[in-house]
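> sequence and computational prediction follow.
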Amino acid sequence: MVKGRGNNGVGKKITVGVCVMEKKVKCGPEIIHFGDKVILEDPIERWPICDCLIAFHSSGYPLEKAEAYAALRKPFLVNELEPQHLLHDRRKVYECLEMYGIPVPRYALVNRDKPYQELEYFVEEEDFVEVHGQRFWKPFVEKPVHGDDHRIMIYYPSAAGGGMKELFRKGNPSLAKDLGEKVTVLVYVKETSLSWAQLLSPETPANLFALDVPFFQVGNRSSEFHPEVRRVRREGSYIYEEFMPTGGTDVKVGSNEELRSNIPLPEVDNVYTVGPEYAHAEARKSPVVDGVVMRNPDGKEVRYPVLLTPNEKQMAREVCIAFRQGVCGFDLLRCEGRSYVCDVNGWSFVKNSYKYYDDAACVLRKMFLDAKAPHLSTTIPPILPWKVNEPAQPSEGLTRQGSGIIGSFGQAEELRCVIAIIRHGDRTPKQKVKLKVTEEKLLNLMLKYNGGRPRAETKLKSAVQLQDLLDATRILVPRTRPSPGSDSEAEDIEHAEKLRQVKAVLEEGGHFSGIYRKVQLKPLKWVKVAKADTEEERPIEALMVLKYGGVLTHAGRKQAEELGRYFRNNMYPGEGTGLLRLHSTYRHDLKIYSSDEGRVQMSAAAFAKGLLDLEGQLTPILVSLVSKDSSMLDGLDNASIEMEEAKARLNDLITSGVKAVQANGSSKRPWMVDGAGLPLNAAELLPTLVKLTRKVTEQVRLLAKDEDEKLAETTSYDVIPPYDQARALGKTNIDVDRIAAGLPCGSEGFLLMYARWRKLERDLYNERKDRYDITQIPDVYDSCKYDLLHNAHLNIDGLDELFKVAQFPESLQLSQLLADGVIPNEYGINPKQKLKIGSKIARRLLGKILIDLRNTREEAINIAELKSQCQSSTSIKNVKEHTDHQPKFVIKNEESRRTSFTSEKSMDQDEDDDKEIKYRLDPKYANVRTPERHVRTRLYFTSESHIHSLMNVLRYCNLDESLQGEDSLVCNQALERLLKTKELDYMSYIVLRMFENTEELKKKSIVTSPLCLCELDSKRYRLEMTFSRGADLSPLEKNDDDVEAALLHQEHTLPIMGPERLQEVGSYLTLDRMEQMVRPFAMPAEDFPPPTTPQGFSGYFKSAGVLERLVNLWPFHKHAANGNHEKSTSKTSSKTKDKSSLGGGDSFGTI
């Protein structure tokens, strides 16, 4: 109760009533709690009378009855009751948001009058749904229109593995009473033997849904991934919404309003508003990534306070006004620098935050006084009485004791940035089948998918397209093979074999996933045919190119996860497993980029799983955390001419003899000669390589012959697909059953294995022309290594000789010896050519790395300046602490407005250079000792070509004419190691770490000379470069002393080599020198396409303002003066207000 003064001058108490269900409230005796019995059974005339009423809907709550009571007694309502009806229908929520101009995601409505009703305007295809002509590509979100139904689904594209993730809240069994059969229709699939489709089928017996299924017992999970579910629900009405790539973090906001939104980190933020002028934001782990809830030792969900941007504060205010809810929560999505409201939840309150409770108490008290005793409202200080002289509470110390480390020179350093360029994990060999087709069925299929254009190329990648091709191929493949003495032409036999291979590839896996198989059909010949009065062209021959393989193996996934764990524990000095703490508290800015290739994307997702200690399948992690950038991490087109020249020169070197060329080189710098690394007797090794390749191919042919005879006993349609690649994505162990059955590991059967080796044998050496194709040497090595690691149980005779047998020198280590010389030289035959090719391939990536380093430097400088300003303002505040209370509010508030506005403006200008939105921890109430500490991590997953190219630029950049006389960024010892390393194998990586010298920062605050300041600035940031060869071990090397390596080998996995230095111990590479050496080869920042302009960032250290200003106007009180006027002008007037005053408080700042 709040004391006021009546008309007779005698003190009167303002009574506050709480009319909510008992499960939702806990209050002291001074508050009037109606109770369930009164609310549900008593007439409203017998309900207690109060001056101010807190009432909100929950399960079983009689909202209409509460409205009648409010109309009868006319109390001041914190949350108006009529608008609460809107919150039960997501359609009306979006309609209201749009009416007030509040941004919402792109969405469409599907309304059904009855379950499974067919709608003409709704179309579902494999990777999208279309509603009234609006197409939503997967991933997209499916929400029930009923606001109390929280079973929200996210559907993933086939390119990412497909499947569906179901989001849910911690269950409350009473919800079932509200939703009736809606809940039981979707009884948990995992608890039944029926498929998802069967559960949704109208033919399923109704009594099935009466099963006692623990649907709400979700424990520590907030979502569940269903890889087998690919089609959307049809039993009700739904909203289909564009999935926002938020990076895996949600934000919850509250005005005594709760805003939940997604931010580019793997946590979720909760914002709670109390009136339109106050909001408190918290972060918690997003359910989208792996569905596991983070909890503290007390079992409570881990959350951290964060800051909001000015635009988000304005949105919080407008949501509060639009729905006339004083205490309310809503979900906020942050995507590419913009924020969107995607749901409004009604009354929500922060859990376990005494700071928020005190703030809310002050704001609510001010609201009650404004409504019932306005003459007292301005005289009571905006702080609780018992808080006036209370000392500041120390932090609980949940973080480590310090983040400083001692660098090479003894200075205290802070890690500011980690940039890693990483190759994908172990994969199956990449394959290609080419054949000319003249069959009508295949030509018609080409026309079907290229729009009927006879000269246009067609690409088949989706499941529907590949299924059409498989159906046609099954009909065209001959049922029997010709006998050895038949008259069939050799070309016809070869064509039939290739069709048979196409059929085997398409049937492999049991289902289609576009990231593994794709087909191109290119028209070669045309004829004109008469049609009515005109002639039209028809293709009569086309070239079919089927690409497959290159799939991330179980070993590749395991390698990526292990490397992610290694980074977590070793790349962040002083952090250890504390990286998770750094990340969860918004002090770790993580972004992961990948090329367009499936194996690279999945490697990135598996790495993220290990780095952030996530659980579950890779598809949700991939979609939530990994961004594709094919222009930066894919393709060799820019350097194709130079690479062809290098290969031609390499062929000449090998065939003409390497000895003479390398004899003229420098013995002190052997890496400078043409063809460095090639074996001196390379030409002599080629005939032996061909001989051993034929020997291996013959062994595999015999194995394939046995399988072919078994398949001949069945029809083409009776063949059971041997392997499911989608399930393979979720596996980290070998397929024991296939190995026990004597089959090849993974998805490859003997027929395809033979086709792989047969193609290598044919392409390696052209007997008619007596010509070797040296570009096939890496492919021979690739197949050798794969089969030795994954198919050693097949005991293929000659395979070990072909690869390497250390005990027998006469084996010459053929394929590895040749491959180690050929592969690096394909990217340039000498250092200058390597630099030219590398700069063309990695130009965009180099430019992005420089941008990352510059942004980190600017951010560190801004943080240091803001921290210094905060400390200065704090000391000034302490001096004036005992001045007159009320005038100080006005003066200080106006000063903070001016200061904040200037700060926001300047920081917005800085953001134009950064182009990346920043979301930050609230430093004052985060219970974190070093809230200003911040680490930027950028991970770039790519293929072998970009790793080689980037390394070549780093080690040979000093050879450019503009840098004559400069030393290489890589020391001589490292150059020698790189020459001997040759292969940058699976999961090889290059890491750049940037450290800030905090001692130099302290000196800078003392020094005043401009020359000295420049010298200090140049030494302030140090770069450290390391690299790893990846899984650069032979499958034949077995170290019995290394137990871990032996276990990995049994699981078909090779360990990843540790990092090696690229600089001398004690060397000091400054950021300025790095920029000087790399800038000539990097894409300039201005050439990058402009991203979405981010929202302003007003810094970490906002001055406290929300409780100094409080709520001066409250539009929801129907009887307050000028209430209607403010409601109609709130949106206009708020735009002219100072941005910082829209929440002002420590918990309502800019992120």
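Done, it's in. Numbering: from 1, shown residues only.
> what segments of the stretch 51-200 of the chain are helices?
Remark: helices assigned in the stretch 51-200 of the chain by DSSP state H, counting those that start in this stretch are 63-73, 90-99, 175-179, 181-185, 196-200.
> whichever helix or strand comes after the last one pairs with which strands, parallel or anti?
This points to helix 196-200. Using DSSP states H and E, the helix or strand that follows helix 196-200 in sequence is strand 223-226. As defined by DSSP bridges, the strand partners of strand 223-226 come to strand 164-167 (antiparallel).
> give me the contact list for the partner strand.
Taking contacts as C-beta atoms under 8 Å, 6 or more residues apart in numbering, the residues outside strand 164-167 that touch it are 150-156, 222-226, 229-230, 287-288, 291, 620. Where you see a C-beta, it was placed from the backbone N, CA and C, and this is true even at glycine.
> could I have the buried ones of the residues you listed as ChimeraX selection syntax?
Those of those that meet the burial criterion (16 or more other C-beta atoms under 10 Å) are gathered into one ChimeraX selection, given here:
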select :150,151,152,153,154,155,156,222,223,224,225,229,230,287,288,291,620
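> select from the contacts of strand 164-167 every entry located in strands.
Judged by DSSP state E, the contacts of strand 164-167 include 152-155, 223-226 as members of strands.
> any idea which of those residues is least confident?
Of all the ones in strands among the contacts of strand 164-167, S223 carries the smallest pLDDT score, 82.
> residue contacts, P144?
For P144, the contacting residues are 90, 151-152, 182, 236-239, taking C-beta under 8 Å, 6+ apart as the criterion.
> actually, T775.
For T775, the residues meeting the contact criterion (C-beta under 8 Å, 6+ apart) are 647, 826.
> how about it, secondary structure?
helix (DSSP: H, G, I helix; E, B strand; the rest coil).
> for the chain, which strand extends over the most residues?
With DSSP E applied, the strand covering the greatest number of residues in the chain is identified as strand 534-549.
> which parts of that one are buried?
Of the residues in strand 534-549, those scored as buried under the neighbour-count criterion (16+ other C-beta under 10 Å) are 538-539, 542, 544-549.
> if we can go back for a sec, most neighbours of all the contacts of P144, which one?
Neighbour counts for these, by other C-beta atoms under 10 Å, peak at Y238, which reaches 27 neighbours.
> next up, phi/psi of that residue, please.
Note on Y238: backbone dihedrals following degrees, to the nearest 10 are phi -140, psi 160.
> do H495 as well
Dihedral angles phi and psi of H495 (degrees, to the nearest 10) take the values phi -60, psi -40.
> what does the pLDDT read for it?
Reading off the confidence values, H495 has pLDDT 87.
> pretty sure it contacts T438?
No: with contact taken as C-beta atoms under 8 Å, H495 and T438 are classed as non-touching, separated by 9.4 Å.
> okay, the two: which has more neighbours?
Under the neighbour definition other C-beta under 10 Å, H495 and T438 were set side by side, and H495 has more, 18 against 13.
> what separates that one from K434, distance-wise?
Separation of H495 from K434 (C-beta to C-beta, to the nearest Å) stands at 11 Å.
> list the contacts for the residue lying closest to D1087 once chain neighbours are set aside?
Here the nearest residue to D1087 in space, its sequence neighbours aside, is G847; by C-beta to C-beta, 6 or more residues apart in numbering that works out to 7.3 Å. Neighbouring residues of G847 by C-beta under 8 Å, 6+ apart: 1082-1085, 1087-1088.
> so L53 bridges to which residues?
On the basis of DSSP bridges, L53 takes part in beta bridges with G17, L77.
> now the buried members of the contacts of G847.
With neighbours counted using 16+ other C-beta under 10 Å, these contain these buried positions: 1082-1083.
> make TSV out of the contacts of G847 and add pLDDT, distance to S968 and secondary structure.
Below are the contacts of G847 laid out as TSV (pLDDT from 0 to 100; distance: C-beta to C-beta, whole Å; DSSP: H, G, I helix; E, B strand; the rest coil):
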residue	pLDDT	distance to S968	secondary structure
A1082	91	17	coil
M1083	90	22	coil
P1084	89	23	coil
A1085	83	25	helix
D1087	79	26	helix
F1088	77	27	coil
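> from the contacts of G847, which is closest to P103?
Of all these, F1088 has the smallest distance to P103: 25.7 Å, by C-beta to C-beta.
> look up phi and psi at S988.
Main-chain dihedrals, S988, degrees, to the nearest 10: phi -70, psi 150.
> is it correct that it is in contact with L950?
No: with the criterion set as C-beta under 8 Å, S988 and L950 do not qualify as a contacting pair; they are 10.9 Å apart.
> domain ranges for this structure?
427-479+492-548, 639-657+674-716+733-829, 834-868+931-1081 (the TED database).
> can you list those domains in TSV and add distance to S353?
Rendered in TSV, the data for the domains of the chain read as follows (distance: least, C-beta to C-beta, whole Å):
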stretch	distance to S353
domain 427-479+492-548	44
domain 639-657+674-716+733-829	44
domain 834-868+931-1081	16
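> I'm done for today, thanks for sticking with me.
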